[in-house]
Structure formats: C-alpha cells, structure tokens
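In: Any chance you could fold what I've pasted below:
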Amino acid sequence: MSVIHQPLGPSAVRARSVLTTAGTLLPRYGLVAVIAWIGAMKFTSYEAQGIEPLVANSPLMSWMYGIFSVTTFSALLGVLELVTAALLAVRPWFPRASAVGSVLAIGLFVATISFMFTTPGVSEASAGGFPVLSATGQFLVKDLALLGISVWTLLDALSIRAAQRR
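Out: Alright, predicted model coming up:
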C-alpha cells in the first residue's frame, strides 16, 4: 500500500510553522515557569516545611539538615531553582548556559523522583498501596514528565550550539 504525499498548501505550512514554534517554546518556557515558581516558593515557611519530610527521609540529602536549618536549606534550594530557570530561559542568546540549566534541572528532578522511593506514605495504604499514589506520590510523579522535558531542553540547547559551530 502506498501513501500519496501531496504538497502542503500555504495555510498548512503556516499552521505547521506555528505548531512547531509552539512545540518548541511551550515545553521550555513552561518548564522555566514551573521551576521559577517552585523556586520562589522555597523562600516561604510553607514550602520549607512542606519539603522537610521529603529531604529528611532522603539518604542523599538528609545530612543537609545537620548543616543548615530547614528554612536556610529551602532558601538555598530556591536560589538554585531560580538560577536554573534563568539559565533555561536564555537559550536563544546563550545556548551553552541554557544547556547548563538543563543539566541542573535534570539533577533537580532526579533528586525529586528519588523521594518516591525514600519518603514514607508515597502510596495510599488505605487503597491497597502501590500503584495508588497518595497526595505526596501524586506531587512527586509529575516530575517524571518534567525530567523528560529537561532532557529535551538539553538536547535542544546542544543542537543549537552544534549548528552555531557549523
């Protein structure tokens, strides 16, 4: 069976161009908005207390509370997240810096996803446990998609950098 490809008309070409642009801008700048928003919240007591059980139960991060207070650690994490968002946002002008932001975002989301395995109560025991997620589990699982977008932003920034070298 053969598929006949007809040339796209001008309106279809424009629509495809708009979708391509949106498909490039929305993931990157949506990620920027999410990371910046969450980063800004890290300066509030509400968020510092909210992440405390996640960090305290993490073998990779719990030691931080021996060095920093809960609010100081949260604020430092907020600074890292705001820097990450800013680096991601500068991709049109500084693709190399944006690639660094993508690597930082990947690290942030890998760390957050690790909480799924270290935080008690991620699955809902009253509903039979895994795969039913508690509110905490639902909060954490979205980071799988954000990790994927972060990997995409890294590849996007690196492809721009490679194109500039040619």
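In: Leaving out the residues flanking it, which one is nearest to the residue nearest in space to the middle of the chain?
Out: Geometric centre of the chain, nearest residue: Leu146, 3.8 Å, by Cα atoms, centre = their mean. The spatially closest residue to Leu146, leaving aside those adjacent along the chain, is Phe109, at 5.2 Å (Cβ to Cβ, 6 or more residues apart in numbering). The way it works is simple: take the backbone N, C-alpha and C, and place the C-beta from them, glycine included.
In: Can you give me the buried ones in the strand or helix carrying the one you found?
Out: According to DSSP states H and E, Phe109 maps onto helix 95-118. Going by neighbour count (16 or more other Cβ atoms under 10 Å), the buried part of helix 95-118 is 95, 97-106, 108-109, 111-116, 118.
In: orientation of the longest helix along the chain relative to helix 95-118 in degrees?
Out: Longest helix of the chain, by residue count under DSSP state H: helix 10-41. Inter-element angle recorded for helix 10-41 and helix 95-118: 60 degrees (by axes from the mean of the first three to the mean of the last three Cα atoms, to 10 degrees).
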